[in-house]
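> when you get a sec, could you give me coordinates for this:
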Amino acid sequence: LARPIHVYSVKKAGSEAPKTEGIPAGVGARRSWFLPGGFAVLALLGALVTWWAPWRDSTEPALESQMAYPLPQVPSIAVLPFDNLTGDGAQDVVVDGLVEEIIASLAKIPRIFVIDGNSTFTYKGESVAANQVAEDLGVRYVMEGSVRSSGGSLRITANLIDTLDGYQIWAESYDRRPDDILALQSEIAERIVTELNVELVSGELARLQQSTTNSPQAYALFLRAQAAPRSTKEDVLTRIRLYEQSLELDPAFSAALAAMAVDYARMGRIGMEDRDIVYSKAEELARQAIAANESYSGAYLALSTVHRFRGEFEESLALVERALSLAPNDADAIMYKGRMLRLLPGRAEEAVATIKSAMRRNPYYPPDYLAQLSWAYFAAEHFEDAHQTGLQYAALRPNHDHAHWRLAMTYGILGQQEEAEAEVAETLRLNPKRTIANTLEFSPYAKTNLSLMRSEIDAMRRAGFPEE
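Sure, this is the predicted structure:
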C-alpha cells in the first residue's frame, strides 16, 4: 500500500490485551484521536460484508445483453412452477393452483411486470437455472419453490432470486394444512411486493389478500373444468357440470361463476343453443360473479364477453377497462382489450399494439393470441402481416376452420388465387356453414363496423366462398 493504514482490535473485558508487535511507536498515544476513524473503517467493512454477503445462496447471473426481450423499467418477475415433492401425483393440481394464484395476485399490482403463467408453466418438470429463465423471458426476478409433506401438513418453500446479481434475496418456508393452502398465495405475494419495494395504491393490499374461494376442493373442480376440451356441445356441458359441482361447495366462487358464464355465451355464439336463452343465462352468471367478488377482474371480462357476442362493443370495452383497472398485468385481459379494439372503427392500429403488449407479458402465449393479432392486422389493412401471422396460427391449429378462413381471404387479397381456393375448400370441409350469407348473419359487427364487414366480405368473394 502507498501509505500505512491504522488497524484496531476490539478487546472484550477480562480478555488478554491485544499484541502490539509491529505497531509503530506513538500509535497508542494517538489511538483516541484515530478512534472515530477506526469505527468508520469498521462501518465501511460491515457495509462491504453486507453487500458481498458470502453466506447468501448464489447462482450464475443473467446477462441483460442475452435477454430475448428488453428488460422492463419496472420490477419484473417470473414465477416458476413449484416442485411437487410430496410423492403424491394427485397433489399436482393443488401445487399448480397455488402458483397460479400467486401469479394472479401479483398481476393485480400496478407498476410491476409479471410474466403470465402460460409461459412459466412451459418449464414444469424441467431443471432450469434462474438465469436462463430470466434471459428467455426478459425479467430480473425469478421465483421458485417446492411443496413437500411434513407430518399431516404441507411444507411450502419459496425463494426469490435477483438474477442480475445472481443472489437469492428472500426465502421462506410455510407449514400449512392441505385445506389452508389457498390462503397462502396472498401472504407470499405480499412479501414479494415488499421485497421489490413496490408502492401499492390505496386498497390494492385488500384486494390482494382476497381469494376467489376458500375451498381447495372447489378450486380443484374448477381447474378440471378449465383443462377440459370444449370442441363439442357435450364437451361444454361437461365443463359446466364441473363448474356446478364446484359451486355446490362454494356458491360464491366468483371465478367458477365467470367461467361458466363464458361457456354458456360461447354455446350461443357458435349456434349450439338458442342465443337469447344462453346469453341471458350467461349475463346472469357474470353478474353473480361480480356480486360475489367485486375485485375479481375475470368477472368483468365474462360480462364483457356477453356484450361482445351481442355486438355491444362500447359496453364490452368499458368492462375490459374495468377488469384492467383491477389487474393491469393480466395478459389475457390485455389481449382481450386488443380483440375489442380491432372491432371498433378506426382503432385497429391500437389493437395491434395492445395485442403485442399482451404477447410481451406472456411470451409463450396460446395460439388464440396469434389469431387475434392476425385479425387486428387485417382490420388495419396490413394484409401481408395478417397473412404471415395467419400462417403461424394455422400451423398450430390446422383443424380450426377460422385458421383456413383467414388464410383464404389473405391469399385472395395477395393475388394467390390457387392457394386461396384450396383454403376455401379446407374451410368448408371443416365448417360447411361458412358462407357469405351466414357470415353476415352471425357477425357481431355486421352493423357496428360496416367498413370492416365490407372488407371481409369482399375478401371472401375474391377467394371464392359461396354466397349461400
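> can you confirm Tyr369 is in a helix?
Yes. Using DSSP: H, G, I helix; E, B strand; the rest coil, the assignment for Tyr369 is a helix.
> got a pLDDT number for Tyr8?
With respect to pLDDT, Tyr8 scores 71.
> buried ones in stretch 417-434, by neighbour count?
For stretch 417-434, a neighbour-count test (16 or more other C-beta atoms under 10 Å) marks Glu419, Ala420, Glu421, Ala422, Glu423, Val424, Glu426, Thr427, Leu428, Leu430, Asn431, Arg434 as buried. In short, each C-beta sits where N, CA and C put it, glycine included.
> just flag the most distant two among the residues you listed.
Glu419 and Asn431 (18.8 Å; C-beta to C-beta).
> pretty sure Glu315 sits against His307.
Yes. Assessed by C-beta atoms under 8 Å, Glu315 is found in contact with His307 at 4.4 Å.
> when the two are compared, which one has more neighbours?
Applying other C-beta atoms under 10 Å to Glu315 and His307 shows that His307 carries more neighbours, namely 23 against 14.
> where does pLDDT dip in the stretch 301-450 of the chain?
Within the stretch 301-450 of the chain, the stretches falling below the threshold (pLDDT under 70) are 446.
> can you say which helix or strand has Arg287 in it?
helix 275-292 (DSSP states H and E).
> send the alpha carbons of that helix over as PDB?
Taking Å, rounded to 0.1, in the frame of the first residue of the first chain, the C-alpha atoms of helix 275-292 are listed here in PDB:
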ATOM      1  CA  ARG A 275     -78.700 -17.300 -28.400                       C
ATOM      2  CA  ASP A 276     -81.300 -15.300 -26.400                       C
ATOM      3  CA  ILE A 277     -81.700 -18.000 -23.800                       C
ATOM      4  CA  VAL A 278     -78.000 -18.700 -23.200                       C
ATOM      5  CA  TYR A 279     -76.900 -15.100 -23.400                       C
ATOM      6  CA  SER A 280     -79.400 -14.300 -20.800                       C
ATOM      7  CA  LYS A 281     -78.100 -17.100 -18.600                       C
ATOM      8  CA  ALA A 282     -74.500 -16.000 -19.200                       C
ATOM      9  CA  GLU A 283     -75.300 -12.400 -18.200                       C
ATOM     10  CA  GLU A 284     -77.000 -13.600 -15.000                       C
ATOM     11  CA  LEU A 285     -73.900 -15.700 -14.100                       C
ATOM     12  CA  ALA A 286     -71.500 -13.000 -14.900                       C
ATOM     13  CA  ARG A 287     -73.400 -10.500 -12.700                       C
ATOM     14  CA  GLN A 288     -73.400 -13.100  -9.900                       C
ATOM     15  CA  ALA A 289     -69.600 -13.400 -10.200                       C
ATOM     16  CA  ILE A 290     -69.200  -9.600  -9.900                       C
ATOM     17  CA  ALA A 291     -71.600  -9.500  -6.900                       C
ATOM     18  CA  ALA A 292     -69.600 -12.400  -5.200                       C
END
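> report the angle between the next helix or strand after that helix and helix 275-292.
Per DSSP H and E, the first helix or strand lying C-terminal to helix 275-292 is helix 297-309. Here the directions of helix 297-309 and helix 275-292 differ by 160 degrees (axes from the mean of the first three to the mean of the last three C-alpha atoms, to 10 degrees).
> packing partners of the helix or strand that helix 297-309 is followed by?
Once helix 297-309 ends, the next helix or strand along the chain (criterion: DSSP H and E) is helix 313-326. The contact analysis (3 or more C-beta pairs under 8 Å, 6 or more residues apart in numbering; DSSP states H and E) places helix 313-326 against helix 297-309, helix 331-343.
> could you dump helix 313-326 to CSV, C-alpha only?
Taking Å, rounded to 0.1, in the frame of the first residue of the first chain, the C-alpha atoms of helix 313-326 are listed here in CSV:
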residue,chain,number,x,y,z
PHE,A,313,-68.8,-3.2,-28.3
GLU,A,314,-68.6,0.0,-26.3
GLU,A,315,-70.2,-1.6,-23.3
SER,A,316,-67.8,-4.6,-23.7
LEU,A,317,-64.7,-2.4,-23.9
ALA,A,318,-65.8,-0.4,-20.8
LEU,A,319,-65.9,-3.7,-18.9
VAL,A,320,-62.5,-4.7,-20.1
GLU,A,321,-61.1,-1.4,-18.9
ARG,A,322,-62.7,-2.1,-15.5
ALA,A,323,-61.0,-5.5,-15.4
LEU,A,324,-57.6,-4.0,-16.3
SER,A,325,-58.0,-1.4,-13.5
LEU,A,326,-58.1,-4.3,-11.1
